[in-house]
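Participant: model this:
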Amino acid sequence: MTAVVTLIADPTRRSLDDDVLASLGQALADAGFAPAPPVWLSPGEAVDIAVARADVAVVRPVAEVALDGMPIDVAVQPQANRRKRLLVADMDSTIIGQECIDELAAALGLREEVSAITERAMRGEIEFAAALRERAAMLAGLGPDEMEAVLRDRITLNLGAHTLVATMRKNGAFTALVSGGFTFFTSRIRARAGFDMDQANVLLTDDEGKLTGLVAEPVLGRAAKREALQALTAARGFATAETMAVGDGANDLAMIEAAGLGVAFRAKPAVAEQADVRITHGDLTALLFLQGYQRAEFITPT
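Facilitator: Numbers count the residues shown, from 1 in each chain. You can find the predicted model right below:
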């Protein structure tokens, strides 16, 4: 097996240099490996180093220890099937920079109460479905105009979201936004970011379009996200190795573990510990570097 070590820096700092590569090269050599010359995906920002006849599970800790403490994301994966044909992405705090339910609560003056529950749910400290129902109940009475205002004024795409989706779609991949949040937001973020489809929970409304405080059952949570990944994989005839899932919270863990490449994006500790790859310093275009795309291949919608 050939393993590929990918180093990704913050795109605003471009902190990859010869000293970083020398540190990694020496560590790999000391461990008995013969790394190939680096292949730059973006100068100073992202680089691939292939290691022939190497087990990923052995190379990964060597690379991580060598670069520990540096502002650089380190990924180690098999060279085969790097370019994925399916992307399944979480929305809140992954594709967008906010938790939508917290922003809805803020419109009612309840941000502190709701965000405390959100944080515990995303860390896996409380059961997701029960936490969602509890928070949704606190939103009762919120009207459609207020929800539109939250979307317009408070919700922003994370850096690189457009480019990630556009580049993968241009190269034949199918992209799905699968969220434990709400269809009110996912349908609009799907269009804004360019995803092929979206799936999420439905907030129930009364005859005036105001929230009743109830969520349609069953709640889409951890298991449903994994099932969505697996259903799309089977329906489109993809191999598991051709799939990628990305998220940040505990309810993303099942799909991250089930995907060919599971990515924790600026994630809670429990998620970061179990994912194949942790992205802390790069933006969402890091997921393209993981697939071996060079920055010159990126598609950036106008």
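
Participant: Let me see the contact set for the residue nearest the centre of the chain.
Facilitator: Geometric centre of the chain, nearest residue: residue 246, 2.9 Å, by CA atoms, centre = their mean. Counting by CB atoms under 8 Å, 6 or more residues apart in numbering, residue 246 makes contact with 87, 88, 89, 90, 94, 252, 256, 262, 263, 264, 265, 287. Heads up, the C-betas are built off the backbone N, CA and C, glycines and all.

Participant: One more: residue 52?
Facilitator: Here residue 52 is in contact with 2, 34, 36 (criterion: CB under 8 Å, 6+ apart).

Participant: From those, list the buried ones, please.
Facilitator: Neighbour counting over those (16 or more other CB atoms under 10 Å) leaves no buried ones.

Participant: now residue 260: how far from residue 135?
Facilitator: Distance from residue 260 to residue 135, counting by CB to CB, to the nearest Å: 33 Å.

Participant: before we move on, back to that, the contacts of residue 246 into a markdown table, with extra columns for secondary structure?
Facilitator: Below are the contacts of residue 246 laid out as a markdown table (DSSP: H, G, I helix; E, B strand; the rest coil):
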| residue | secondary structure |
| --- | --- |
| 87 | strand |
| 88 | strand |
| 89 | strand |
| 90 | coil |
| 94 | helix |
| 252 | helix |
| 256 | helix |
| 262 | strand |
| 263 | strand |
| 264 | strand |
| 265 | strand |
| 287 | helix |
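
Participant: By neighbour count, which of the residues you listed wins?
Facilitator: residue 252 (32 neighbours; other CB atoms under 10 Å).

Participant: Show the pLDDT at that residue.
Facilitator: With respect to pLDDT, residue 252 scores 97.

Participant: That one is in contact with residue 271, isn't it?
Facilitator: Yes. Between residue 252 and residue 271 a contact is recorded at 6.3 Å, counting by CB atoms under 8 Å.

Participant: still on that earlier bit, let me know the closest of the contacts of residue 246 to residue 124.
Facilitator: Checking the contacts of residue 246 against residue 124 by CB to CB gives residue 252 as the nearest, at 10.3 Å.

Participant: Quick check: chain neighbours aside, which residue is closest to the closest one?
Facilitator: Excluding its sequence neighbours, the residue lying closest to residue 252 (CB to CB, 6 or more residues apart in numbering) is residue 90, at 5.0 Å.

Participant: what's the answer for residue 142, then?
Facilitator: Nearest residue to residue 142 in three dimensions, chain neighbours excluded: residue 211, at 4.6 Å (CB to CB, 6+ apart).

Participant: any idea where the helices of the stretch 151-300 of the chain begin and end?
Facilitator: For the stretch 151-300 of the chain, helices defined by DSSP state H, counting those that start in this stretch occupy the ranges 161-170, 183-193, 222-235, 253-258, 269-274, 286-289.

Participant: got the buried residues for the longest one?
Facilitator: Okay, so that is helix 222-235. Neighbour counts over helix 222-235 (16+ other CB under 10 Å) mark 222, 224, 225, 226, 228, 229, 230, 232, 233 as buried.

Participant: what does the last one give?
Facilitator: Counting neighbours by 16+ other CB under 10 Å, one finds that the buried residues in helix 286-289 are 286, 287, 288, 289.

Participant: Output the contacting helices and strands for that helix.
Facilitator: Packing partners of helix 286-289 (3 or more CB pairs under 8 Å, 6 or more residues apart in numbering; DSSP states H and E): strand 3-9, helix 161-170.

Participant: Determine which stretch of these is the most buried.
Facilitator: Ranked by mean neighbour count, those are led by strand 3-9 with a mean of 24 (mean count of other CB atoms under 10 Å).

Participant: so how far is that strand off the chain centroid?
Facilitator: 17 Å (CA atoms, centre = their mean, to the nearest Å).

Participant: What mean pLDDT does it get?
Facilitator: Rounded mean pLDDT across strand 3-9 is 98.
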